[in-house]
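*Asks:* Sequence first, predicted coordinates after that:
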Amino acid sequence: MRTDVSLHTPVRPPHDAGATASGPYVQLVRPDGSRTPSSYDHWVSDVDADQLRSLYEDMVVIRRIDTEATALQRQGQLGLWPPLLGQEAAQIGSARTLRASDFVFGSYRENGVAWCRGVDPESLMRVWRGNAAAGWDPFSVNMAPTQVIIGAQALHAAGYGMGVVADGTDDAVITYFGDGATSQGDVNEAMVFAASFHTPVVFFCTNNQWAISEPVGLQAQVPIANRAPGFGIPSVRVDGNDVLAVMAVTREALDRARTGGGPSFIEAVTYRMGPHTTADDPTRYRDAAELEEWRAKDPITRIEALLRNEGLFTDEFAASVAAAADAVAAELRSSCINMPAPPALDIFAHVYAEPNSWLETQRADYERYLALYGAEGDGGTIPAKGAGANGESA
Amino acid sequence: MIKEFLLPDLGEGLTESEIVTWHVAVGDIVTLNQVIADVETAKAVVELPSPYAGTVARLHEDAGTVVEVGAPIVSFEVAGGDAGSRTGASGATAQGTAPAVFTPEEPTKRTPNLVGYGAVPEKTGRPARRRWLTDGRAAAPSAAAASMTDSVPAPAPAADPAPAAESAQPQQTAERPRSTPPVRKLARDLGIDLADISGTGPDGLIVRSDVTRAAEENTADIADVLGDAAEPNAGTRLLPPPSANMGSAGGGTPGVREERVPIAGMRKHTAAAMVASAFTAPHVTVFLTVDVTESMELLERLRGQKTFEGIKLTPLTLAAKAVCLALSRHPSLNSRWDEAAREIVQYRYVNLGIAAATPRGLMVPNVKDAQALGLRELAAAVGTLAQTARAGKTTPADLSGGTFSISNVGVFGVDAGTPILNPGEAGILALGAVRRQPWVHEGALAVRRVMTLSLSFDHRLVDGEQGARFLSDVGAVLEEPAMALAMM
């Protein structure tokens, strides 16, 4: 094809559309804690003082968990940790709308969601300490294990959603992924399947502005939420640092899922205030001013301001939440460093559901190998930190 | 009780880290998770939180030291607990007797294999020697939460018999000087070639302090080339120091009449860029000599004004402003030939490059969005570029993305030249020295201050007419600064 080029050919602006946080999005509470009227208000009209306080508590606790886990990694107790600092409202606000029979497929960063599902602190640490391939029994909390493959969980959610349709229940499925994952084939394929089979899946995109060192504007020329209608999936963009707004849009999407309306897509616009993982140094690729700008929109500061505005925030309340958070952190530290190391041969235990001769051969070989070192395979332990933490980190 | 903190693997598969700063000293009381040190790994500089609450009993390593993962870095005196506990690095395990059937071998040194950096090829046919704990739980402490006596392995003991001679590690072939990525980046930012310095770390590893020392030695003699006195008087002209390699007076081996220097580093990059530019873009150079007396008077007036206090004002400042104005009228000078896309990229912004001669070679850092800056901001930005270059801290970001460049060769006392385009740019303007010369002014001969402007442009993008009009616009502003009003 020939293209006529002249000096007046307009040059496409470099990028930015996907990055903008100022575009139209659902917001119920402003950064100063004041409420702003919205057509979504009725979705959270039942959230009373106690519920607001407990939302605050969950957010403070998960941030404390995050801080402690980061410290434990620096102290050699965890192989890796993906902090969620700044994304508390997006995780807590959405997870708190789910019911027990719904199923969650999260990424590796959804530790706040796991906390809301009832995963205990020790189980949250297990994978990151390299002690297990999965930290918890997925069916005890209806949340799949930590997924380190970028975007793969969206396909699992689409498939599970097809199962829900076959079962004929009104359960819903929610899958979490980041802005970077929306460039993966998996997420796009999952949206095609979810739309074609009309599955009750909520695609929850946590747009935290950075895919490791890649700003979202490089891969999204329009807001990410704008892509979903192309798949036939209704979408909404929400202020991801406004816990009430996140609750409202998630409830709307879940309601659609439960009543036969098919999949929905939510883009929660937030910010990853910490590093991508403890092995990352964000000061190498992003501006300190940007962090400051988002610090002013901190989700916990916002709900605290809302509680204050409504006379629900007292010193005693703050102290009790802080004490509760510290207690969780202490439990987390103690259970993490005292976690028994699994037997070395455990790595063969969860590869296949049924016996497999080839795997048995490998297991026997490895057992003989370990015997060279004078230890009995089953009694031996793998080092406190194994290769379990070395997942894909794109 | 004394508890040791062993340096953990702070990234994913790292073998060592450098202690950048200690935030505590012996005798300090620390709380759990209090930041005790900044540590630089191959991936990041991170803060190290204390794993204990207690008193710092000993710092095992000085700041600036590269420490192997698993080595003790700090000992704490903590209340209670059992003696000699350790926490931190994992890896090889504790005591055990060597099995008789196994020929002991020195543990192969692990090579860092970072996620995303690809696999490290196997070096030996046999895996690293490693022993396993026989029981991870038997002696588990019940009370002390922080105690890890049983399940955290100590560093590999040196209890094995001496290795056989043939197992000695082959000397690594020195493809490039050993250092960590942050140190390599630091060196690149400072313009230091790692091949030029020798490392003081273990096995000759080049550490941060080696690079900063080399940079300090270099900055001592950086010529002040940016924006400085472009009005040389006889006698004060900047002269290069006499070369030590020339003649009989200098050093060097007597009798050697030529010297061969490897083409490397900055010289190599500059050469490649110049060849690429000269043989890709057909260069045309045009000249214009202008009377800059009014510009010089304006600069003197501005220097006296409060708003320009502390700002360095030079003919380069005015030329930079004039270039930005003229580029808005002649956008073809502010464009790029994109051969691959078969398109001409027309910039709607000006990233104005300023060529800087440093002892390490030519650098062209640029002022971003120069078109949006007022004279004061522009002067300040050029001043910052100068300071950064002098400090050797010009970053790759400063050097990339330029759209048009200025070369201030006048500071070296020359009048004109045929500058070669910074690759990818459509134009480059060289400023000659400002000289007092006889000049026809208002119909009569007068002594005026004049300067020659040399403009090279890419003839693929710019026709002679456009280049000439652009240069005469720049000249018009320098001749009569008020003309700027007519061009806004």
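*Replies:* Here it is on my side, so go on.
*Asks:* Which positions within the strand of greatest length in chain B qualify as buried?
*Replies:* In chain B, with assignment by DSSP state E, the single longest strand is strand B:444-458. Across strand B:444-458, burial judged by 16 or more other Cβ atoms under 10 Å in any protein chain shown covers B:448-458. No exception for glycine: its C-beta is placed from N, CA and C like everyone else's.
*Asks:* residue closest to the middle of the chain?
*Replies:* Answering for chain A, as no chain was given. Central residue of chain A (Cα atoms, centre = their mean): residue A:110, 2.8 Å from the mean position.
*Asks:* could you do chain B instead?
*Replies:* Against the mean C-alpha coordinate of chain B, by Cα atoms, centre = their mean, the closest residue is residue B:189 at 0.4 Å.
*Asks:* Tally up the residues packed near residue A:62, please.
*Replies:* Applying other Cβ atoms under 10 Å in any protein chain shown, we find 27 residues neighbouring residue A:62.
*Asks:* Confirm that it sits in a helix.
*Replies:* Yes. Counting by DSSP: H, G, I helix; E, B strand; the rest coil, residue A:62 falls inside a helix.
*Asks:* Now the longest strand of chain B - C-alpha only, CSV.
*Replies:* Below are the C-alpha coordinates for strand B:444-458, written out as CSV (Å, rounded to 0.1, in the frame of the first residue of the first chain):
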residue,chain,number,x,y,z
ALA,B,444,29.1,54.1,8.9
LEU,B,445,32.0,51.9,10.0
ALA,B,446,31.9,51.1,13.6
VAL,B,447,33.5,48.6,16.0
ARG,B,448,30.7,46.1,16.6
ARG,B,449,30.5,42.7,18.2
VAL,B,450,29.8,40.1,15.5
MET,B,451,29.3,36.4,15.4
THR,B,452,29.1,33.8,12.6
LEU,B,453,26.3,31.3,12.6
SER,B,454,26.8,27.9,10.8
LEU,B,455,23.8,25.8,10.1
SER,B,456,24.0,22.3,8.8
PHE,B,457,20.8,20.6,7.7
ASP,B,458,19.6,17.3,6.3
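*Asks:* Which strands and helices lie in contact with that strand?
*Replies:* strand B:283-291, helix B:293-303, strand B:427-431, strand B:435-441, helix B:464-479 (3 or more Cβ pairs under 8 Å, 6 or more residues apart in numbering or on different chains; DSSP states H and E).
*Asks:* so which of the ones you listed gets nearest chain A?
*Replies:* Using Cβ to the nearest Cβ as the measure, helix B:464-479 is the one of those that comes nearest chain A, at 10.0 Å.
*Asks:* Contact partners for residue B:427?
*Replies:* By Cβ atoms under 8 Å, 6 or more residues apart in numbering or on different chains, the contact set of residue B:427 is B:333-334, B:404-405, B:421, B:455-458, B:462, B:467, B:470.
*Asks:* Also residue B:461?
*Replies:* Residue B:461 is in contact with B:332-333, B:335-337, B:344, B:426, counting by Cβ under 8 Å, 6+ apart.
*Asks:* how about the helices in chain A?
*Replies:* Taking DSSP state H as the criterion, chain A carries its helices at A:49-74, A:88-95, A:111-117, A:121-126, A:138-141, A:152-167, A:185-196, A:216-219, A:243-258, A:288-295, A:299-309, A:315-337, A:357-371.
*Asks:* Just the pLDDT at the nearest residue to residue A:257 once chain neighbours are set aside, thanks.
*Replies:* Closest residue to residue A:257 apart from its sequence neighbours, by Cβ to Cβ, 6 or more residues apart in numbering or on different chains: residue A:200 at 3.4 Å. We have a pLDDT of 98 for residue A:200.
*Asks:* Go ahead and confirm residue A:200 touches residue A:258.
*Replies:* Yes. Between residue A:200 and residue A:258 a contact is recorded at 6.6 Å, counting by Cβ atoms under 8 Å.
*Asks:* any common contacting residues for the two?
*Replies:* When Cβ under 8 Å, 6+ apart defines a contact, the residues bordering residue A:200 and residue A:258 alike are A:170-172.
*Asks:* Please report which of the residues you listed has the highest neighbour count.
*Replies:* Among those, the one with the most neighbours (other Cβ under 10 Å) is residue A:172, at 27 neighbours.
*Asks:* if we can go back for a sec, any chance of TSV for the helices of chain A, columns mean pLDDT?
*Replies:* Output for the helices of chain A, formatted as TSV (pLDDT from 0 to 100):
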stretch	mean pLDDT
helix A:49-74	96
helix A:88-95	98
helix A:111-117	97
helix A:121-126	94
helix A:138-141	96
helix A:152-167	97
helix A:185-196	97
helix A:216-219	91
helix A:243-258	97
helix A:288-295	92
helix A:299-309	96
helix A:315-337	96
helix A:357-371	91
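*Asks:* Any idea which of those gets closest to residue B:299?
*Replies:* helix A:288-295 (32.8 Å; Cβ to Cβ).
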